[in-house]
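Visitor: Pasting the sequence and the predicted model now:
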Amino acid sequence: MPSRELKGTGVKQKLSYYYSFSAPAGPIKITTVSKNSPSGATQALGFALYDKKANRLCFDSSGNTNSDKTVMLNCQIEKAQPLILRLDLSEETIDYSVLLDGTIELPAPQAATTTSVAGPGSTDIDEPTRLKTNRVKGEGIKKAVAYYYAFNAGPGELTLTIDGKNTSAATTEALLGGLYTLRSERICQIELGNTTLEKRGVVACKVDKRQPVILRLDLSAETVDFRARFDGPYDFEEFVAPKAIAIALDAAVLFDSGASVLKPEARKTLNEAAARVKKFTDAPVAISGHTDSVGNDAANQLLSENRAAAVRDYFVNLAAVPAARLSVKGYGKSQPVADNKTDEGRARNRRVDVLITPK
């Protein structure tokens, strides 16, 4: 956080900004002034303090107002700790100001650097570019390409913003961006569509714990230029990539509900996974099927086995992966990676895992 007072204007997009500072135990008063466009129907400004574990300590909002509205919020901090100030703007926010009163410690200003923006990244998902900045930009190369970048994110919500445009004769996506776990589980995704004008897309990405993540940017053959940035809880500390490479394939992408026959639209996802398998020529590959906890245990066990076998058969018959490298097993509901009590958790548990173990 650069100072006790912040001022800004809306960007005609729903957007969250995050600022870090530290404070001892005691009171902090937050005073905000903000307004919406006359036709607005959303919050002009939401604001809150969080601890580093993403626990919300206090919150308020200005509501929908088309004239300057002042809101004051008193927050009692129970212990000395780092804090995050979050500001939520709506599509109709015109401008805002925020003032913090109380004993706070602001981060030391950082020197400007000429390497504050990263360029085109690695095209190998297993060897992503390690980021040292939250900004990326580059130009199209007249062919479809995916760039991969790695950094640490969470816990909490990141905002991913992408900008780009296509050539005038384009018929494809100008830019597709998303965040993924190291297991290739998609956290969030945003696409710009086919646009010949500079277009912006913004998406909120909820990361449940601090972990390494992959930023993936997909350019088309017609992409002219692109930019991406992320804001929120992130850092660039070094992390050791696991020796085994795990690829979590979303069952909803591969199969219809309750079925083990691959859908035609699963081909792109399976081809990408097979390409990664084939990079490691002699590495054994374990393919395992998993379900949620809904339904009959025996039926879930059989479904998990059949789905794993379907992925194995695709790799062998349509992607030329040697069958001798592949082993298959179904685990039913016995190995969840998320809470089966929520829709989101059950969706994550319905998966086929591909585990590559390089020698």
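Guide: Okay, I see it.
Visitor: Name the helix or strand of this protein that has the lowest mean pLDDT.
Guide: Of all regular secondary-structure elements in the chain, judged by mean pLDDT, DSSP states H and E, the least confident is strand 15-23 with a mean of 84.
Visitor: Quick check: buried residues in the lengthiest helix in the chain?
Guide: If you go by DSSP state H, the chain has its longest helix at helix 297-319. Under the neighbour-count criterion of 16 or more other Cβ atoms under 10 Å, helix 297-319 has 300-312, 314-316 buried. For every residue, glycine as well, the C-beta is placed using N, CA and C.
Visitor: picking up where we left off before, what's the following helix or strand after the least confident helix or strand of the chain?
Guide: Where DSSP states H and E defines the elements, the next helix or strand beyond strand 15-23 is strand 26-36.
Visitor: residues in contact with the closest residue to residue 141 other than its chain neighbours?
Guide: Excluding its sequence neighbours, the residue lying closest to residue 141 (Cβ to Cβ, 6 or more residues apart in numbering) is residue 219, at 7.3 Å. Contacts for residue 219 were tallied using Cβ atoms under 8 Å, 6 or more residues apart in numbering; they are 140, 141, 144, 145, 146, 147, 164, 175, 226.
Visitor: And the pLDDT at the closest residue to the fourth one other than its chain neighbours?
Guide: Read that as residue 145. Nearest residue to residue 145, sequence neighbours excluded (Cβ to Cβ, 6+ apart): residue 219, at 5.2 Å. pLDDT, residue 219: 96.
Visitor: Any idea what residue 219 is bridged to?
Guide: residue 145, residue 175 (DSSP bridges).
Visitor: same thing with residue 213?
Guide: Per DSSP bridges, residues listed as beta-bridge partners of residue 213: residue 151, residue 181.
Visitor: Check residue 21 too.
Guide: With DSSP bridges as the rule, residue 21 is bridged to residue 83.
Visitor: burial measure for it, as a count.
Guide: 19 (other Cβ atoms under 10 Å).
Visitor: Not counting the least confident helix or strand of the chain itself, show me its contacts.
Guide: 1, 6, 8, 77, 80-89, 100, 102-107, 156-157, 159, 161, 202, 204, 231-233.
Visitor: Give me the subset of those lying in strands.
Guide: 6, 8, 77, 81-89, 100, 102, 156-157, 159, 161, 202, 204, 231 (DSSP state E).
Visitor: Filter those down to the buried ones and hand me the ChimeraX line.
Guide: Buried residues among the ones in strands among the contacts of strand 15-23 (16+ other Cβ under 10 Å), as a ChimeraX selection:
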select :6,8,77,83,84,85,86,87,88,89,100,156,157,159,161,202,231
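Visitor: what stretches of the stretch 1-150 of the chain score poorly on pLDDT?
Guide: 1, 107-115 (pLDDT under 70).
Visitor: what do you get if the cut-off is 80, keeping everything else the same?
Guide: Residues of the stretch 1-150 of the chain meeting the criterion pLDDT under 80: 1-2, 11-16, 39-40, 52-54, 107-115.
Visitor: what sits against residue 7?
Guide: Residue 7 is in contact with 95, 96, 97, 98, counting by Cβ under 8 Å, 6+ apart.
Visitor: element containing the last one?
Guide: For residue 98, the enclosing helix or strand under DSSP H and E is strand 93-102.
Visitor: For that strand, which residues meet the burial criterion?
Guide: 93, 94, 95, 96, 98, 100.
Visitor: which helices and strands sit right next to whatever helix or strand comes next after that strand?
Guide: Downstream of strand 93-102, the first helix or strand assigned by DSSP H and E is strand 129-130. For strand 129-130, the elements it packs on are strand 145-153, judged by 3 or more Cβ pairs under 8 Å, 6 or more residues apart in numbering; DSSP states H and E.
Visitor: one step back: can you give me the offset of the next helix or strand after the longest helix of the chain from its chain's centre?
Guide: Counting by DSSP H and E, the element after helix 297-319 in chain order, helix or strand, is strand 326-330. Centroid separation for strand 326-330 versus its chain: 30 Å, with Cα atoms, centre = their mean, to the nearest Å.
Visitor: Then stretch 251-269?
Guide: For stretch 251-269, the distance to the chain centre is 23 Å (Cα atoms, centre = their mean).
Visitor: Can you tell me the SS state at residue 252?
Guide: helix (DSSP: H, G, I helix; E, B strand; the rest coil).
Visitor: Need the pLDDT of it.
Guide: Value listed for residue 252 in the pLDDT field: 96.
Visitor: show me the contacts for it.
Guide: 347, 350.
Visitor: Please report how far it lies from residue 259.
Guide: 11 Å (Cβ to Cβ, to the nearest Å).
Visitor: Residue 41 too?
Guide: 42 Å.
Visitor: Those two - which one has more neighbours?
Guide: residue 259 (14 against 10).
Visitor: Let me know the secondary structure of that one.
Guide: Classified using three-state DSSP, residue 259 is coil.
Visitor: Pop the domain breakdown of this structure in here.
Guide: If you go by the TED database, the domain ranges for the chain are 5-101, 117-235, 245-356.
Visitor: For the closest residue to residue 130 other than its chain neighbours, grab the count of nearby residues.
Guide: Computed as Cβ to Cβ, 6+ apart, the closest residue to residue 130 that is not its neighbour in sequence is residue 150, at 5.4 Å. Neighbour count for residue 150, taken as other Cβ under 10 Å: 20.
Visitor: Contacts only, for residue 150.
Guide: Residue 150 touches 128, 129, 130, 131, 212, 213, 214, 215, 239, counting by Cβ under 8 Å, 6+ apart.
Visitor: Columns distance to residue 333 on top of those residues, output as TSV?
Guide: Below are the contacts of residue 150 laid out as TSV (distance: Cβ to Cβ, whole Å):
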residue	distance to residue 333
128	32
129	37
130	37
131	37
212	28
213	27
214	28
215	32
239	31
